[in-house]
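1. need the 3D shape of this:
(chains A and B)
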Amino acid sequence: MSTSSGPKVRWPLLIVGLVVIGGMMALLGGSFGRQVKELSTEMEGKPYRNFTAVDFDGNEVALDAVLASGKPVVLNFWSTWCGPCKLEHDHFQRAAQLNPEVQFYGVLYQDKVPLAKRYLQQKGAAYPTLTDESGAIAITYGVGGVPETFFIDRSGTIIHKENGPMHMGMIAPLLEQLKASTP
Amino acid sequence: MTALLLMIVTAFGAGTREYVPVDAETIERAEIPGVPPGPPPPASQVDAIAHDISDKLRCPVCQGLSVADSNASTAVNMANHVRALVAKGYTEEDIREFFITTYGEWIVLDPEPQGLDLLIWLGPGLAAGLGLAWAVGTVAQWRREPDDELPSERGDAPLDRYEQQLLAQLDAEIESDKGGH
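-> Predicted structure coming up:
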């Protein structure tokens, strides 16, 4: 005889509401958790951007001129306060020694030149490191943190941008691609 | 305590900084693809234009702060770069395009309404529209329902004891009237 007299639940409306709220929370959560390191590969596949810079020995380097000489280029942004940069340091030194046909450059990122010089004296410097005090080179290449590494082939195309530390197993195949490229 | 607060504020890069003049070397090195479309603005306007542009760029190493609002080194360098570009004669559109093609659409705080970002632009309007439609529908339903109907008559609630007695009495009267004719 007795029937339920509680409030009538509108299930379709409730489900739609929950889906909408859940979706918006997921979007917001995804946005807050998004790291620039996961996103900034925008420069991959694009032409290199020229810059001129001075290395630790006072030599002026123009990227245009290096590529015009027919050498592909590896640009590694690093700093002494960056732990992962120290992890990959030996791998890049070894890669540069084994591949003299590729021009390697370090680019010092938000760090003091004397500190970097001392670090390289202790740990080895198989290639020049460029200063970038104003951060112009880093901004021109969309660098959001270190380490970040750009592989530019002989035609001037950025074939790969790596966000984070690299080891020889990752570097070697990319160097083969660079060496196989044509101007 | 003060030192702790200072550390927290510094760590999160909060606060608005004072602008310092951009040195000639920074201006010289600031380049983006293409040549400036016109002459640079008057020097007195450069800071205001640059601040307006930096205010719409996301600081890449902060959480939810614009380049203009952050004291992080990366943001300071970006703000200086923007001012150097403005001083060279690049327009807001040129600079915005440069940052999008370099860092991705994520770098701007007011993304173009396309792809998933379209939801951000359409979402509030869509939600407001759905809410309005629901409200109009509910009001229309109320207006269709006569006010003098009992809940039990609409089928919303079972008959209570008094109503059952009333109904039985009514049925009896109807039967009695039928018998009388």
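2. check which residues of the helix or strand where B:D171 lies are buried.
-> Element membership for B:D171 (DSSP states H and E) is helix B:161-180. If you call a residue buried by 16 or more other Cβ atoms under 10 Å in any protein chain shown, then helix B:161-180 has no buried ones at all. Every C-beta, even on glycine, is put in place using the N, C-alpha and C of the backbone.
3. I'd like to know how many residues surround the residue in chain A positioned nearest to chain B.
-> Here chain A gets closest to chain B at one residue, A:G135, 3.2 Å apart by Cβ to the nearest Cβ. By other Cβ atoms under 10 Å in any protein chain shown, the residues close to A:G135 number 20.
4. do you know the pLDDT at the closest residue in space to it that isn't next to it in sequence?
-> Ranked by Cβ to Cβ, 6 or more residues apart in numbering or on different chains and with sequence neighbours excluded, the top spatial neighbour of A:G135 is B:N77, at 3.2 Å. On the pLDDT scale, B:N77 is placed at 92.
5. got it, and B:L65?
-> 92.
6. excluding covalently adjacent residues, which one is nearest to it?
-> Nearest non-adjacent residue to B:L65, counting by Cβ to Cβ, 6+ apart: B:C59, 4.7 Å away.
7. swap in A:I171?
-> A:A95 (4.8 Å).
8. shouldn't the one you found be in contact with A:L174?
-> No: here A:A95 does not reach A:L174: they are 9.4 Å apart, not a contact under Cβ atoms under 8 Å.
9. which of the two has more neighbours?
-> A:A95 (24 against 20).
10. if we can go back for a sec, quick one: the residue nearest to A:I171 from A:A116, how far?
-> For A:A95, the distance to A:A116 (Cβ to Cβ, to the nearest Å) stands at 19 Å.
11. let me see the contact set for the residue most central in space within chain A.
-> Nearest to the mean C-alpha position of chain A, by Cα atoms, centre = their mean, lies A:E148 at 2.9 Å. Counting by Cβ atoms under 8 Å, 6 or more residues apart in numbering or on different chains, A:E148 makes contact with A:S40, A:N76, A:F77, A:Y141, A:K161, A:E162, A:N163, A:G164.
12. of the residues you listed, which ones also sit close to chain B?
-> With respect to chain B, and counting by Cβ under 8 Å from any Cβ of the partner chain, the subset of those in contact is A:S40, A:Y141.
13. how about the contacts of A:E148 in TSV, adding neighbour count, secondary structure and pLDDT?
-> Formatted as TSV, those follow (neighbours: other Cβ atoms under 10 Å in any protein chain shown; DSSP: H, G, I helix; E, B strand; the rest coil; pLDDT from 0 to 100):
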residue	neighbour count	secondary structure	pLDDT
A:S40	23	coil	71
A:N76	26	strand	98
A:F77	25	strand	97
A:Y141	23	coil	94
A:K161	21	strand	96
A:E162	18	strand	95
A:N163	18	strand	92
A:G164	15	coil	93
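14. quick one: the helices in the chain, in order.
-> Picking chain A for this. Assigned by DSSP state H, the helices in chain A fall at A:11-33, A:36-39, A:63-68, A:83-98, A:113-123, A:136-140, A:168-180.
15. that's the wrong chain, I wanted chain B
-> Counting by DSSP H, the helices of chain B are B:2-12, B:24-29, B:43-54, B:73-88, B:92-103, B:118-144, B:151-154, B:161-180.
16. weakest of the ones you listed by average pLDDT?
-> Comparing mean pLDDT across these, the weakest is helix B:2-12, with a mean of 49.
17. for chain A, which spans come out with low pLDDT?
-> For chain A, residues meeting the criterion pLDDT under 70 lie at A:1-9, A:27-39.
18. just give the closest residue to A:A172, not the sequence neighbours.
-> Leaving out its chain neighbours, the residue that sits closest to A:A172 by Cβ to Cβ, 6+ apart is A:A95, at 7.1 Å.
19. now do A:V113
-> Per Cβ to Cβ, 6+ apart, closest to A:V113 is A:T131, 6.0 Å.
20. no further queries at this time; thank you.
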